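> Got a predicted structure plus its sequence, pasted below:
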Amino acid sequence: MTGRSNESESGRKEGARHGRPEVSRIDFVLADTGRLPFVSDCLDLVTISLATRNINTSRKSLISCLKEFHRVLRPGGRFINLETSQPSSPLVRRLFHQYVRRVLRPVGIAFSRSRGAYHYLASTICDFYDAHELAEIMEEAGFKNVTFDRFFLGVAALHRAEKAGELEEAAWSFPRQEPWRQESSAQKRS
């Protein structure tokens, strides 16, 4: 199992410290979501949770990152994304945005002493796509069979998508070769 994490080695140590020895079997990799260090068609599953807003500097950049996720998935591989969303009810959306700006942001600032982080969080939550828009963006990035479920009156959504093709049964057998990309000068991107 490979986990992409900003924590890399510290994630493994923290898991072991909390009595989770299975975490030692995960290879944590620090990587740029726009340039994943894996060969094409090598992963069965890509997941992201409450971080898609962070790679959404623009619609174009989000599509580019999603295309990179798509590239590393095997045919038939799955992408699962949990993220905040926009409620479809205008009243619930307005109340949700007010809650984020008037409660979540000030409480977060008070507890964390990080004014910038909670201003950023509030703005990215309120400006992010609704579930239908994100599904369309995923399709633009090449994913098929995109579905989603809304939660908590639509303030969160779980999207599921696939890369076209069939996942080979042998893809789930272990051990497998490590999917690390050996970057040659021809593969390096500018």
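Arrived safely, thanks for sending.
> Okay, buried residues for the longest strand seen in the chain please.
Ranked by residue count and defined by DSSP state E, the top strand of the chain is strand 73-84. Under the neighbour-count criterion of 16 or more other Cβ atoms under 10 Å, strand 73-84 has L73, R74, G77, R78, F79, N81, L82, E83, T84 buried. Any C-beta I mention is one placed from the backbone N, CA and C, and that applies to glycine too.
> Of all pairs in these, which one is the farthest apart?
R74 and T84 (28.8 Å; Cβ to Cβ).
> got the angle for the helix or strand harbouring C65 vs strand 73-84?
Per DSSP states H and E, C65 falls inside helix 59-72. Calculated by axes from the mean of the first three to the mean of the last three Cα atoms, to 10 degrees, helix 59-72 forms an angle of 140 degrees with strand 73-84.
> Mind listing residues that contact helix 59-72?
33-36, 38-43, 46, 48, 52, 55-56, 79, 137-138, 140-143, 163, 179 (Cβ atoms under 8 Å, 6 or more residues apart in numbering).
> How about stretch 99-116?
Contacts for stretch 99-116 (Cβ under 8 Å, 6+ apart): A117, Y118, H119, L121, A122, I125, C126.
> how does it look with 6 Å?
Y118, A122, I125, C126 (Cβ atoms under 6 Å, 6 or more residues apart in numbering).
> Separate out the buried members of these.
Y118, A122, I125.
> In which helix or strand does the last one reside?
What it means is I125. helix 115-127.
> I'd like the mean pLDDT over that helix, please.
For helix 115-127, the mean pLDDT works out to 92.
> domains of the chain?
What automatic domain parsing lists as the domains of the chain is 31-84+129-182, 87-127.
> Give me the next element, helix or strand, following the helix or strand encompassing L91.
Taking DSSP H and E as the definition, L91 sits inside helix 90-99. Sequence order places helix 105-112 as the next helix or strand after helix 90-99, per DSSP H and E.
> Pull out the CA atoms of that following helix and give them to me as CSV.
C-alpha atoms of helix 105-112 as CSV (Å, rounded to 0.1, in the frame of the first residue of the first chain):
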residue,chain,number,x,y,z
ARG,A,105,-13.7,30.9,11.2
PRO,A,106,-13.6,32.9,14.5
VAL,A,107,-13.7,29.7,16.6
GLY,A,108,-10.9,28.2,14.6
ILE,A,109,-8.8,31.3,14.8
ALA,A,110,-9.4,31.5,18.6
PHE,A,111,-8.3,27.9,19.2
SER,A,112,-5.4,27.7,16.6
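> buried stuff in it?
Neighbour-count burial for helix 105-112 [16+ other Cβ under 10 Å]: R105, G108, I109.
> Could you look up the SS state of the residue nearest the centre of the chain?
For the chain, I48 is the residue whose C-alpha lies nearest the centre (Cα atoms, centre = their mean; 2.4 Å). Here I48 is recorded as strand under DSSP: H, G, I helix; E, B strand; the rest coil.
> Against F28, how distant is it?
15 Å (Cβ to Cβ, to the nearest Å).
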